[in-house]
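Asker: Got a sequence here, can you build the structure:
(4 chains)
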2 protein chains.
Amino acid sequence: MQRRRSVRSAANSKKGRRVPSAKMLALDQLDNHLGYFVRRLQIWVFQDFVDTLNPMRVRPAQYSVLLVIAANPGNSQAAIGQTLGIERARLARMLDELERRKWVARANGSDARSHSLYLTPEGEKALAKIKRLAARHEARLAAHVGVKRHAQLMALLREFG
Amino acid sequence: MQRRRSVRSAANSKKGRRVPSAKMLALDQLDNHLGYFVRRLQIWVFQDFVDTLNPMRVRPAQYSVLLVIAANPGNSQAAIGQTLGIERARLARMLDELERRKWVARANGSDARSHSLYLTPEGEKALAKIKRLAARHEARLAAHVGVKRHAQLMALLREFG
DNA sequence: TATTGTTATACTCTATAACTATA
DNA sequence: TATAGTTATAGAGTATAACAATA
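Answerer: Numbering: from 1, shown residues only, chains lettered A, B, ... in the order given. Below is the predicted model of the structure:
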């Protein structure tokens, strides 16, 4: 269900196409758009997260869902989705996958329309491993942007929202 | 080819499903991941960009390509793609679309394998309008995160990447 | 009537592979 | 043999709509 390890980490490998020393062109107005830099950083983060978490085959959105279920057991799909900004149709299919892997269980709540979400014991164990890998990713990210800049960015973005 | 104006800006409209005052759950470790905040901000930026640029039907990646072609006329697809980190297969199809709209022209370069990219006069005119809308988006973004924070984030990210 | 969750469709973006035509 | 560009396929993520069961 998941793509195999990214080739990025194996750049210039026997199979990989040689990457010529990137000719960088003028960015013009792009240099004045915060969104451009945010996007470039976000792509790096996403890629490194996927590579680092590859042993557990977990993607960023799945990780966020597992964390929020673990921290708020018994909540509905609607609550999880609203917290993380994940669309309910997408979350339903994501939970199908997490349930298939026996990490998450959908129980029946008081309101018969909704499900109460929990991690299974197996899910708790998996999440412990996942958290260790996620911490490793975060350390790489800090090294990538610079430890000081990482702290400054974190402070600015956290106080914002 | 492009989706109609997002419903987000028309939240709680007659057709839209009512959004209950979002119940926010504990984020746990997510609060220590820079990538989480970057991702949330990136989603806002992307959505606002698409909404603001909707009159010209231009998406962020298209905008970046138009800008870089305009600032570096005559370059190859490979050079544009490397500068912006856009995969060549994706760029080829994006240029098909921009050529179809008569904004971009692919000329033959010295090397018969490559194309030299230019904006057409029509493309130049369109880009002028697009730049005005993009500036409006950037002002909204600054208001959204706070003008001071916007400047701080810009400085941090620009000096980094 | 409104909400929760589900299924389905369509489009964007990313990742790959295979192909052509050149070099 | 390698490069520039194209075409094709698959998966993730997002946006919508429509539906069943329940409130």
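
Asker: Please identify the buried residues of the strand or helix carrying A:Leu41?
Answerer: Secondary structure assignment for A:Leu41, by DSSP states H and E: helix A:34-52. Under the neighbour-count criterion of 16 or more other Cβ atoms under 10 Å in any protein chain shown, helix A:34-52 has A:34-42, A:44-46, A:48-50, A:52 buried. For glycine as for every other residue, the C-beta is placed from the backbone atoms N, C-alpha and C.

Asker: and those, which two are the farthest apart?
Answerer: With Cβ to Cβ as the measure, no two of the buried residues of helix A:34-52 lie farther apart than A:Leu34 and A:Thr52, at 26.2 Å.

Asker: how close does the most centrally placed residue in chain A sit to B:Glu124?
Answerer: Central residue of chain A (Cα atoms, centre = their mean): A:Pro60, 1.4 Å from the mean position. Taking Cβ to Cβ, to the nearest Å as the measure, A:Pro60 and B:Glu124 are separated by 39 Å.

Asker: just A:Ala79 next, same as before
Answerer: For A:Ala79, the distance to B:Glu124 - Cβ to Cβ - is 50 Å.

Asker: And the strands in chain A, which stretches?
Answerer: Listed in chain order, the strands of chain A (DSSP state E) span A:104-108, A:115-119.

Asker: if you compare the ones you listed, which one is most tucked away?
Answerer: The highest mean neighbour count among these, using mean count of other Cβ atoms under 10 Å in any protein chain shown, belongs to strand A:115-119: a mean of 20.

Asker: Now look at it and say if it contacts DNA strand C.
Answerer: Yes - residues of strand A:115-119 are located near DNA strand C by Cβ under 7 Å from any atom of the strand, namely A:His115.

Asker: Give me the angle between that strand and strand A:104-108.
Answerer: Taking axes from the mean of the first three to the mean of the last three Cα atoms, to 10 degrees, one finds that strand A:115-119 is oriented at 150 degrees with respect to strand A:104-108.

Asker: Note down every partner strand of strand A:115-119 and its orientation.
Answerer: Here strand A:115-119 is paired, per DSSP bridges, with strand A:104-108 (antiparallel).

Asker: can the strand it pairs with be found next to DNA strand C?
Answerer: Yes - for strand A:104-108, a contact with DNA strand C is found by Cβ under 7 Å from any atom of the strand, at A:Arg106.

Asker: which ones are touching A:His33?
Answerer: Contacts for A:His33 (Cβ atoms under 8 Å, 6 or more residues apart in numbering or on different chains) come out as B:134, B:138.

Asker: Tell me the spacing between it and DNA strand D.
Answerer: Distance, A:His33 to DNA strand D, by Cβ to the nearest atom of the strand, to the nearest Å: 19 Å.

Asker: One more: A:Asp31?
Answerer: Where DNA strand D is concerned, A:Asp31 sits at a distance of 23 Å (Cβ to the nearest atom of the strand).

Asker: From DNA strand C, how far off is A:His137?
Answerer: For A:His137 relative to DNA strand C (Cβ to the nearest atom of the strand), the value is 15 Å.

Asker: Can you get me a residue count around that residue?
Answerer: 20 (other Cβ atoms under 10 Å in any protein chain shown).
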